[in-house]
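Novice: just need the structure, nothing else, for what follows:
(one chain, ligands or ions: 1)
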Amino acid sequence: MKELKYIIGKKKDLPEKYHEKMIILIRSNDSERLPFEPPSLAFYRNYWNLPKPTEQETITVFAFNDSDELIGFGYSGWNIKYDNLEHGFFQIYVVPTNRRIGYGTEIMRKLFSQIPSQIKALAASAKEGSVGEAFLQKFKQESCFEEIIRAADLSEFDLEEIREVVTKETERIEQLGYSFVELESFDYAEKFNEAEYVKMVERIWNDMPREEMSFGEDIITPERYKSMIEYTLKKGDRNFGYAIATKETNEPVGHTRVLYNKYDLNLVEQDDTGVVHEHRGNGFGLALKYKVLEKILSELNAKFWFTGNAQSNKHMIRINKKLKHKTVGKKIVYEFKREEWELI
Ligand SMILES: CC(C)(COP(=O)(O)OP(=O)(O)OC[C@H]1O[C@@H](n2cnc3c(N)ncnc32)[C@H](O)[C@@H]1OP(=O)(O)O)[C@@H](O)C(=O)NCCC(=O)NCCS
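Specialist: Here you go, the predicted model:
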């Protein structure tokens, strides 16, 4: 195995002449990790040039062969604000023509040597059954989390039928004392008490199953939530959805959020859907999804509606199956503890 050369740092440390190649590699990495064709290069060029969120620190190991060609990278990030300050994630990518000669392992070692001492656990994921999973399994036998990705073919729905369901659901929830509230971008802050809305999001996040992952609770402040949405908008997403609120006090008790990227018009991503504990058992999760499906079918031009759920999230999986979602892939997460990665 020939020695690799490295540049370690951030985008600004990589000479300009390698930027387009790096953008292509990032897209290729995604194409091996996702169950769908990733968005066009235009998405990745925009993404590459975005200022990264300030709540995370990141580092990239750019790897070159002896002809100075960029042949792979290692990337890691960790929170420096809010929560989970001892946890991070990483990814390794090597171009297909240079695999199985030990470069992936070398890049990973180099990356691990850069991780600051406060970080005690790093997670990495790969598509089930992929070469990436075989690679991670060489170093770590047990996975800690399985996310099932499911998608519905939107041509299988009849808009008129969905409208009828939504009309009935709207009446039903009205009778129970609730109503739907339409959401777009940042308007949750006008339609609700902002702090109350963000608290609901935090509770919903912290209620999602983490299986064996050691990540602890998330702390979502209004500032953090706003900056997350700002970042998705900059990535080219339209960010919209619905909340369910009590009619009497306008308290938000559940919401659903959908992302539709202008660089990837075939896919619509179903992000969070959740209802706080005290208001469960009323069918609000499914009602919210019917409501947002009506909007997807009437306003967007997407072909597939996809979402990911923890393997153990039985309630949401049942809802998604009702909404014609079929499994398209699984993302398997492996978590490395510091004492484990220091031995590699
Ligand atoms: C995963 C990846 C980085 C491996 O790069 P690589 O340079 O081939 O890795 P190495 O040569 O160091 O392989 C180390 C070990 O991983 C395992 N492995 C890697 N590729 C494998 C494959 N195709 N089949 C079975 N085992 C494999 C083997 O145990 C291998 O050791 P061996 O060759 O002595 O048997 C590369 O395949 C890749 O970029 N895949 C796409 C991105 C990805 O999925 N990354 C993983 C998640 S972070």
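
Novice: can we go C-alpha only for contacts and neighbour counts from here?
Specialist: OK.

Novice: what segments of this protein are strands?
Specialist: Assigned by DSSP state E, the chain shows strands spanning 5-9, 56-64, 70-79, 87-94, 121-127, 145-153, 178-184, 237-246, 252-261, 267-275, 304-310, 326-337.

Novice: possible to save the ones you listed as CSV with distance to Asp207, mean pLDDT and mean neighbour count?
Specialist: Shown next, in CSV, are these (distance: least, C-alpha to C-alpha, whole Å; pLDDT from 0 to 100; neighbours: other C-alpha atoms under 10 Å):
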stretch, distance to Asp207, mean pLDDT, mean neighbour count
strand 5-9, 35, 98, 17
strand 56-64, 23, 98, 20
strand 70-79, 20, 98, 22
strand 87-94, 19, 98, 22
strand 121-127, 20, 97, 22
strand 145-153, 15, 96, 21
strand 178-184, 22, 98, 19
strand 237-246, 17, 98, 22
strand 252-261, 12, 98, 23
strand 267-275, 9, 96, 22
strand 304-310, 12, 94, 21
strand 326-337, 19, 96, 20
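
Novice: of those, which is nearest the ligand?
Specialist: strand 87-94 (3.3 Å; C-alpha to the nearest ligand atom).

Novice: who are the packing partners of that closest one?
Specialist: strand 70-79, helix 103-112, strand 121-127 (3 or more C-alpha pairs under 8 Å, 6 or more residues apart in numbering; DSSP states H and E).

Novice: export those as JSON lines, with columns for distance to Lys330.
Specialist: JSON lines is the format used below for these (distance: least, C-alpha to C-alpha, whole Å):
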{"stretch": "strand 70-79", "distance to Lys330": "22"}
{"stretch": "helix 103-112", "distance to Lys330": "22"}
{"stretch": "strand 121-127", "distance to Lys330": "6"}
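
Novice: okay, the ones you listed in JSON lines with distance to the ligand next?
Specialist: Formatted as JSON lines, the helices and strands packed on strand 87-94 follow (distance: least, C-alpha to the nearest ligand atom, whole Å):
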{"stretch": "strand 70-79", "distance to the ligand": "7"}
{"stretch": "helix 103-112", "distance to the ligand": "3"}
{"stretch": "strand 121-127", "distance to the ligand": "5"}
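
Novice: closest one to Leu183 among these?
Specialist: Taking C-alpha to C-alpha, strand 70-79 is the member of the helices and strands packed on strand 87-94 nearest to Leu183, at 28.1 Å.

Novice: what residues does the protein put near the ligand?
Specialist: Residues of the chain lying close to the ligand (C-alpha under 6 Å from any ligand atom) are 29, 32-33, 91-94, 99-105, 124-126, 131-132, 134-135, 138.

Novice: if we use 5 Å, what do you get?
Specialist: 91-94, 99-105, 126, 131-132, 134-135, 138 (C-alpha under 5 Å from any ligand atom).

Novice: ok, of the residues you listed, which come out buried?
Specialist: 91-94, 103-105, 126, 132 (16 or more other C-alpha atoms under 10 Å).

Novice: ok, Ala195 to Pro252 distance?
Specialist: In this view, Ala195 and Pro252 are 11 Å apart by C-alpha to C-alpha, to the nearest Å.

Novice: also Ile7?
Specialist: 48 Å.

Novice: next: Leu286.
Specialist: Distance from Leu286 to Pro252, by C-alpha to C-alpha: 16 Å.

Novice: again, but for Leu25
Specialist: Distance from Leu25 to Pro252, by C-alpha to C-alpha: 42 Å.

Novice: got phi/psi on Lys10?
Specialist: phi -130, psi -180 (degrees, to the nearest 10).

Novice: contacting residues around it?
Specialist: Counting by C-alpha atoms under 8 Å, 6 or more residues apart in numbering, Lys10 makes contact with 58-60.

Novice: could you redo the last one with a cut-off of 7 Å?
Specialist: Lys10 sits next to 59-60 when contact means C-alpha atoms under 7 Å, 6 or more residues apart in numbering.

Novice: roughly how far does Gly329 sit from Met316?
Specialist: Counting by C-alpha to C-alpha - Gly329 and Met316 are separated by 17 Å.

Novice: swap that for Val94, please
Specialist: 36 Å.

Novice: same question, Glu133
Specialist: 26 Å.

Novice: what do you get for Ile8?
Specialist: Distance from Ile8 to Met316, by C-alpha to C-alpha: 41 Å.

Novice: now swap in Val276 and tell me
Specialist: The value you get for Val276 to Met316, if C-alpha to C-alpha is used, is 14 Å.

Novice: need the overlap of contacts for these two.
Specialist: Common neighbours of Val276 and Met316 (C-alpha under 7 Å, 6+ apart) do not exist.

Novice: quick one: the helix or strand bottoming out on mean pLDDT in the chain to strand 326-337, angle?
Specialist: Among the helical and strand segments of the chain, the one scoring lowest on mean pLDDT, DSSP states H and E is helix 314-322, with a mean of 87. Comparing the axes of helix 314-322 and strand 326-337 via axes from the mean of the first three to the mean of the last three C-alpha atoms, to 10 degrees yields an angle of 150 degrees.

Novice: what about the closest residue to Ser227 other than its chain neighbours, neighbour count?
Specialist: Of all residues not flanking Ser227 in the chain, Pro53 sits nearest, at 7.6 Å (C-alpha to C-alpha, 6 or more residues apart in numbering). As a burial measure, Pro53 scores 13 neighbours (other C-alpha atoms under 10 Å).
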